[in-house]
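Trainee: Provided below are the primary sequence and the corresponding predicted coordinates.
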Amino acid sequence: MDLVPAFVDFDNFFLFSSLTTAPPMIAAAMKSLPSVRAVTVRGDAGVSATEASSAVVAIALIFIASLKKKNGIDWRQSGTAFTWRRTGFPQVWPERGRNVVEWRQMPGLSPYLDTLAEMEAHVAAMNEGRAGEAIWLLEHPSLYTAGTSARPEDLVQPDRFPVYPVGRGGQYTYHGPGQRVIYCMLDVKARGGDVRCFVRDLERWVIDTLAEFNVTGEVRPGRVGVWVQRPDRPGHSGAPTEDKIAAIGIKLRRWVSFHGISINVEPDLGHFDGIVPCGIREHGVTSLVDLGLPVTMADLDAALMATFDRAFARTCG
């Protein structure tokens, strides 16, 4: 394993080629040097945390051992990278010309309105230069959301779960336990400034993530989201039916995206019966477990992190 730093920016940023372990050691060592705001250590592809060499920790300590504490230390995982940052500074750090995305996994069920307010606050902070890109991974209690194109007749059971009008695009969707909600607060301008391309990147990200479990996700003209064919459930013509496994709905504010994606891991699919999901009556919904795959939230989160950079790095087309 190569232990030589792959990139060092002496203006507040360090990127090492290897290491995905020992966050407490880094945090303890990063006891200030006012000019150092963050240290990011990236693990090589295929290198697990347990395989990371303690020699790399020593290299990191050499760089920052003399630091004196000024502000608190926080750390976040971004794919195979870990970032230790000084709290109180913007979370926007260069990574070979691209911001480091802060990943946040929220335990339990996140109250919808509280989470929405927190997301709005983060978007405002991004637009003011006080925060960087972020992706939040969470679950909500059972509820329906109505996008800007929602039709009243598509709310079949209005008293079943709480219904929240939201400013994102799309129609009615369901959120609930067993469904991974992925809120994407990303700088669309910095990522090319092409909204259609950005949506295709989101679709590609979902497709690449599903492929990690040998599931073929597809997009269809006129049908938002990601779909899977069901050869085990042929239609009247004998051709496979298609079920929706992931929904996509975003909103932009001064080129910063929010809301995002939902992927069905193991929700109660009967809860979708209270709406016409995304206004599409001709097709059903499915989940990874419904497809016979014993996938957990942790499995899905790992796949999302592993495929993110690849999905957004390719030329949109």
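Mentor: On my side now, so go ahead.
Trainee: please name every helix or strand in contact with the helix or strand hosting W205.
Mentor: Element membership for W205 (DSSP states H and E) is helix 195-211. Contacts defined by 3 or more C-beta pairs under 8 Å, 6 or more residues apart in numbering; DSSP states H and E place helix 195-211 against strand 218-220, strand 223-234, strand 240-253, strand 256-264, helix 297-313. C-beta here means a position set from N, CA and C on the backbone, and glycine is covered the same way.
Trainee: and these, which is most packed in?
Mentor: strand 256-264 (a mean of 24; mean count of other C-beta atoms under 10 Å).
Trainee: mind checking the pLDDT average for whichever helix or strand comes after that strand?
Mentor: Next in sequence after strand 256-264, counting helices and strands by DSSP H and E, comes strand 284-285. The average pLDDT within strand 284-285 is 88.
Trainee: strand partners of strand 284-285, parallel vs antiparallel please.
Mentor: Sheet pairing of strand 284-285 (DSSP bridges) gives strand 240-253 (parallel).
Trainee: F213 versus the residue lying closest to E203 once chain neighbours are set aside, what's the distance?
Mentor: Distance criterion C-beta to C-beta, 6 or more residues apart in numbering; nearest residue to E203, sequence neighbours excluded, is V219 at 5.2 Å. Applying C-beta to C-beta, to the nearest Å, the value for V219 to F213 is 18 Å.
Trainee: D299 now?
Mentor: With the distance defined as C-beta to C-beta, D299 ends up 8 Å from F213.
Trainee: list the residues that contact both of the two?
Mentor: Counting by C-beta atoms under 8 Å, 6 or more residues apart in numbering, no residue touches both D299 and F213.
Trainee: what residue ranges in the chain score low on pLDDT?
Mentor: Within the chain, the stretches with pLDDT under 70 are 1-99, 169, 278-282, 314-317.
Trainee: let's see it at 80
Mentor: Applying pLDDT under 80 to the chain flags residues 1-100, 149, 167-170, 222, 234-239, 277-283, 314-317.
Trainee: ok, A247 touching G225?
Mentor: Yes. In this structure, A247 is within contact of G225 by C-beta atoms under 8 Å, at 4.8 Å.
Trainee: so what touches stretch 189-207?
Mentor: Here stretch 189-207 makes contact (C-beta under 8 Å, 6+ apart) with 98-99, 184, 186, 188, 217-219, 226, 246, 248, 250, 252, 255, 257, 260-261, 263, 304, 307-308, 311-312, 314, 316-317.
Trainee: going by neighbour count, list what's buried in it.
Mentor: R191, F198, V199, R200, D201, L202, E203, R204, W205, V206, I207 (16 or more other C-beta atoms under 10 Å).
Trainee: go on, stretch 130-142?
Mentor: A131, G132, E133, A134, I135, W136, L137, L138, E139, H140, S142.
Trainee: mind putting the residues you listed in a markdown table, secondary structure and distance to V276 included?
Mentor: A markdown table is the format used below for the buried residues of stretch 130-142 (DSSP: H, G, I helix; E, B strand; the rest coil; distance: C-beta to C-beta, whole Å):
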| residue | secondary structure | distance to V276 |
| --- | --- | --- |
| A131 | coil | 36 |
| G132 | coil | 37 |
| E133 | coil | 33 |
| A134 | strand | 32 |
| I135 | strand | 29 |
| W136 | strand | 27 |
| L137 | strand | 27 |
| L138 | strand | 25 |
| E139 | strand | 23 |
| H140 | coil | 20 |
| S142 | coil | 17 |
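Trainee: which of those sits closest to E118?
Mentor: Nearest to E118 out of the buried residues of stretch 130-142 is W136 (C-beta to C-beta; 8.6 Å).
Trainee: okay, and the closest residue to the closest one other than its chain neighbours sits in which element?
Mentor: Nearest residue to W136, sequence neighbours excluded (C-beta to C-beta, 6+ apart): Y183, at 4.3 Å. Y183 is part of strand 179-185 when elements are defined by DSSP H and E.
Trainee: can you pull out the helices in the stretch 51-200 of the chain?
Mentor: For the stretch 51-200 of the chain, helices defined by DSSP state H, counting those that start in this stretch occupy the ranges 54-64, 112-127, 195-211.
Trainee: so what's the residue nearest to T216 when sequence neighbours are not counted up against?
Mentor: The spatial neighbour of T216 that comes closest, neighbours along the chain excluded (C-beta to C-beta, 6+ apart), is V228 at 6.6 Å. Residues in contact with V228, defined by C-beta under 8 Å, 6+ apart, are L210, V215, T216, G217, E218, E242, D243, I245, T286, L291.
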